[in-house]
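In: Output the structure for:
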Amino acid sequence: MTFFTDPIKKINPFKKSATPTSKTEINNESIFRQLLKGGQNDGYSLYKNVAPIGHAVDMIAEKVSQLQPVVVDRNGVVVDGGVNIYSLLRKPNAVQRYSEFMMQLATDFLIYNNAYAHLSNNTNYKSKYITPVCDRTVTITETDGVRNYTVNNTGFYSSINGLYVQKYNENDGRIVGANNLGELIHIKGYLGQNETKATSKLLALAQDAQIVEKSLLQVASFLDRGYSGSGILQTNFKNNDKFEMFKKDLSNYYAGAQNEGRMMALNGTEVAVHMHNNRSNKDMQANENKEQSKMAIYQRYDIPEPLVNSGSQTYNNYQTALYALYENAVFPTFNAIFDAISESFIARNILKPEYRITCDSSKVSAMKLREAEEVRMLKLANVLTVNEMRSRLGYERLKEHGDEVYRPMSEIPISQDPYSDQGTKKEWIDQIKSLDGQYSDDYLNSLWNEYNGKK
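Out: The predicted structure is shown next:
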């Protein structure tokens with residue numbers, strides 16, 4: 001027999017002891033075990049099931065998808081040679097717009113630290129389509145200096161399924177498809193020794209994700225049963241086998257997040273329970289661990305705390321945190337994607353070797369305030385022309401007097417002595433006399449000396 005029963009669930013009190021973990025919990029446990037062993041494919045399950053991970057990835061990916069690409073030269077100046085590129089990216093493939101295409105690439109890259117894009121047509125010609133390929137659909141094997149990329153189960157994009165080969169002994173290192181399948185672009189983060197895929201950021205977060213997930217399950221179980229209790233069990237067993245069965249039943253019915261909130265009902269006279277409803281120090285520590293784990297997830301994705309914690313928000317630090325998010329997370333993700341795409345565009349002569357694709361940060365509303373503040377500081381320093389300042393703020397150039405640096409009239413070169421500059425003194429005296437006043441030279445000299453602090 002069993003010692004415990006749950007009157008809410010109406011479990012048979014005479015049913016043999018069994019592990020009560022649900023199918024959902026078993027699946028979650030297997031996800032964490034896979035990640036801790038170095039598995040990659042379960043990162044998507046964490047993205048779906050662990051709210052802070054999904055929130056962090058979506059926050060960055062959505063902002064990446066809103067950035068607009070521009071073609072620039074080595075000095076960062078926008079050039080006019082990107083018409084074909086803009087046309088291709090505006091409608092990347094038959095079923096996606098630009099924002100959807102970028103959203104998928106950025107999400108894959110943030111989850112797996114790997115993302116793939118497929119370029120159609122022969123590798124020596126301009127591409128008609130560029131299509132995202134999910135990391136879960138790509139298998140990589142490596143033998144004798146040759147990497148084989150096998151793509152399958154791509155749904156809408158089934159025409160790109162097949163084998164792609166990358167040879168190390170070729171200078172360009174391109175991943176070329178067999179039978180004119182086109183070209184595969186591997187966008188990857190840090191690649192460890194003898195690894196074919198980059199390590200997912202979620203690998204280091206497996207323990208923290210598990211703490212957050214179990215905390216959520218614990219709260220859900222508490223709400224489901226409508227009550228909670230904690231207390232002290234007192235046992236008086238004389239038979240060791242019976243005591244071992246008691247411990248097993250206790251673990252099966254009350255251990256784990258899924259069993260949180262179960263009311264305790266005892267069968268037998270060997271056990272007494274003393275209940276109380278106050279939250280223990282252990283309960284409070286569990287909450288602190290959950291919050292620390294959530295922040296560890298956001299920190300891993302370089303998301304500043306004021307963006308996810310309302311208790312630490314002020315107007316100033318929120319704005320500063322938004323700048324940091326773009327600088328540390330959004331722009332690097334965008335650039336990682338387009339650095340890889342740019343290389344393939346150059347190989348296909350779509351892009352000149354001295355050009356690259358980057359984002360147009362001037363169109364990001366969150367960055368305009370910072371840009372305006374920088375321009376204001378540069379204006380006070382008097383080091384830029386009017387047109388240089390206007391171009392940084394996105395305004396048209398002035399046709400007249402826009403390419404001159406303006407400085408206050410009171411300033412003179414540091415090497416010039418204002419007290420011995422007779423030319424300046426003469427100009428000043430001439431201006432006074434031009435007012436038609438009757439002033440003697442002695443009087444004007446005394447005014448000049450007084451004005452300049454000379455006695």
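In: Tell me, how many residues neighbour T199?
Out: 18 (other Cβ atoms under 10 Å). Glycine gets a C-beta too; all of them are placed from N, C-alpha and C.
In: tell me which element it is part of?
Out: Under the assignment given by DSSP states H and E, T199 is not contained in any helix or strand.
In: Walking through the protein, point out its helices one by one.
Out: Using DSSP state H, the helices found in the chain span residues 23-36, 43-49, 51-66, 83-90, 98-112, 206-225, 240-254, 281-300, 315-325, 331-347, 365-381, 386-392, 422-433, 441-451.
In: Against which helices or strands is the last one packed?
Out: Applying 3 or more Cβ pairs under 8 Å, 6 or more residues apart in numbering; DSSP states H and E, one finds that helix 441-451 makes contact with helix 422-433.
In: avg pLDDT for the helix it packs on?
Out: Helix 422-433 shows a mean pLDDT of 69 in the predicted model.
In: tell me the average confidence for stretch 305-323?
Out: Rounded mean pLDDT across stretch 305-323 is 81.
In: Sorry, slip of the keys, the one I care about is stretch 208-218.
Out: Stretch 208-218 comes out at a mean pLDDT of 68.
In: got it, and stretch 142-152?
Out: Here the average pLDDT along stretch 142-152 is 89.
In: One more: stretch 156-166?
Out: 89.
In: in that stretch, what's buried?
Out: Residues of stretch 156-166 classed as buried by neighbour count (16 or more other Cβ atoms under 10 Å): Y157, I160, N161, G162, Y164, Q166.
In: The closest residue to the second one other than its chain neighbours: what's it in contact with?
Out: Looking back up the chat, that one is I160. In space, and not counting its chain neighbours, I160 is closest to H118: 4.7 Å by Cβ to Cβ, 6 or more residues apart in numbering. The contact partners of H118, by Cβ atoms under 8 Å, 6 or more residues apart in numbering, come to Y129, I130, T131, P132, V133, V151, Y157, I160, G182, E183, L184, I185.
In: Tell me the one among the residues you listed nearest to L203.
Out: V133 (21.5 Å; Cβ to Cβ).
In: Assess the claim that that closest one and L184 are in contact.
Out: Yes: counting by Cβ atoms under 8 Å, L184 is a contact partner of V133 at 7.0 Å.
In: shared neighbours, these two?
Out: Common contact partners of V133 and L184 (Cβ under 8 Å, 6+ apart): Y116, A117, H118, V151.
In: Please report which of those residues has the highest neighbour count.
Out: Of all the shared contacts of V133 and L184, the highest neighbour tally under other Cβ under 10 Å goes to Y116, namely 26 neighbours.
In: For that one, which non-adjacent residue is closest in space?
Out: V133 (3.8 Å).
In: Enumerate every residue touching that neighbour.
Out: Applying Cβ under 8 Å, 6+ apart, the residues near V133 are Y116, A117, H118, V151, T154, Y157, I160, L184.
In: Would you quantify the distance from it to Q104?
Out: Distance from V133 to Q104, counting by Cβ to Cβ, to the nearest Å: 9 Å.
In: Give the burial count for G54, as a bare number.
Out: The burial count for G54: 16, using other Cβ under 10 Å.
In: which residues sit in contact with it?
Out: So G54 contacts Y47, K48 (Cβ under 8 Å, 6+ apart).
In: cool, the one 5 residues further on as well?
Out: Taking Cβ under 8 Å, 6+ apart as the definition of contact, the neighbours of M59 are I303, L307, L325.
In: Tell me what the residue nearest to I160 is bridged to.
Out: T131, L184 (DSSP bridges).
In: Show the pLDDT at it.
Out: At H118, pLDDT is 95.
In: now H401
Out: Per-residue pLDDT puts H401 at 76.
In: Tell me how far the residue nearest to F109 when sequence neighbours are not counted lies from Y395.
Out: Excluding the flanking residues, the one nearest F109 by Cβ to Cβ, 6+ apart is A115, at 4.1 Å. Counting by Cβ to Cβ, the gap from A115 to Y395 is 36 Å.
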